[in-house]
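[1] coordinates only, no sequence provided:
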């Protein structure tokens with residue numbers, strides 16, 4: 001699991017399963033709501049997701 005941020009909400013990102021999970025239950029709820037809004041109301045193609053990259057992946 002890697003540190004990530006989705007629309008400023010702190011979360012964990014699993015690159016193997018591509019799962020996005022909030023760091024607590026409230027953040028989980030906010031992420032679910034925002035993902036629903038992004039795909040059903042705003043209709044964006046990709047999520048505004050920031051994923052922390054460690055030194056090994058940079059090389």
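    Looks like it arrived, so ask away. A quick note: this is a predicted structure, and the numbers were derived from the prediction, not measured.
[2] where do the helices of the protein begin and end?
    In the chain, the helices defined using DSSP state H lie at 25-37, 55-58.
[3] what residues sit buried inside the first one?
    Of all the residues in helix 25-37, those buried under the rule 16 or more other C-beta atoms under 10 Å are 27, 30, 31, 34. (Each C-beta comes from the backbone N, C-alpha and C, glycine too.)
[4] residue 6 is in contact with the third one, correct?
    So that's residue 31. Yes - using C-beta atoms under 8 Å, residue 31 is in contact with residue 6, at 5.6 Å.
[5] rewinding a little: pLDDT added to the buried residues of helix 25-37, as CSV?
    As requested, the buried residues of helix 25-37 are exported to CSV (pLDDT from 0 to 100):
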residue, pLDDT
27, 95
30, 95
31, 94
34, 92
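[6] residue 20: which of the residues you listed is nearest?
    Lowest distance from residue 20 to the buried residues of helix 25-37 (C-beta to C-beta) belongs to residue 31, with 6.2 Å.
[7] quick one: that closest one from residue 54, how far?
    Relative to residue 54, residue 31 is positioned 22 Å away (C-beta to C-beta, to the nearest Å).
[8] contacting residues for the residue nearest to residue 5 when sequence neighbours are not counted?
    In space, residue 5 comes closest to residue 50 once its chain neighbours are excluded; the distance is 4.5 Å by C-beta to C-beta, 6 or more residues apart in numbering. Residue 50 is in contact with 4, 5, 6, counting by C-beta atoms under 8 Å, 6 or more residues apart in numbering.
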